[in-house]
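Peer 1: Provided below are the primary sequence and the corresponding predicted coordinates.
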Amino acid sequence: QVQLVESGGGLVQAGGSLRVSCAASGRTFSGYHMAWFRQAPGKEREFVAAIYWSGGATYYADSVKGRFTISRDRAENTLYLQMNSLKPEDTAVYYCTAGGSVRIADLSRGRAYDYWGRGTQVTVSS
């Protein structure tokens, strides 16, 4: 049974940094895309970043490009999101997700993914 467990969220001041993690278990993720989405109160869930587990290719939403970095540790089966220069508008619940057959054109669509974690709260104060 696949499990995705996020951790590392918290409260940080604007301009600060935070790293969230996602511990993945239950299968091998070779060939999978893994991603981070976020959802702020009253807003729709939005794509943040994705990575191809095997080859390491990365993809980012324009709103976080240059500030956030997605990475993975294949030996530890852990996905990371390093967030720098945080802004109050980055405040959201951050979700880890994995998909076994996600087309590149569909990376930003939540429905393309198979498994989801429960999320971790990130709050950026101004």
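Peer 2: That came through fine. The structure displayed is predicted, hence computed values, not measured ones.
Peer 1: only C-alpha atoms for contact and neighbour calcs from this point on.
Peer 2: Noted.
Peer 1: which SS class is Arg111?
Peer 2: helix (DSSP: H, G, I helix; E, B strand; the rest coil).
Peer 1: pLDDT at it, what is it?
Peer 2: At Arg111, the model reports a pLDDT of 96.
Peer 1: Could you say which helix or strand holds the residue positioned nearest the centre of the chain?
Peer 2: Closest residue to the average C-alpha location of the chain: Trp36 at 1.9 Å, with C-alpha atoms, centre = their mean. Trp36 belongs to strand 33-39 when assigned by DSSP states H and E.
Peer 1: Give me the average confidence score over that strand.
Peer 2: 98.
Peer 1: Kindly report the same for stretch 11-26.
Peer 2: In the prediction, stretch 11-26 has an average pLDDT of 98.
Peer 1: Ends of it, what's the gap?
Peer 2: Length of stretch 11-26, first residue to last, C-alpha to C-alpha, to the nearest Å: 30 Å.
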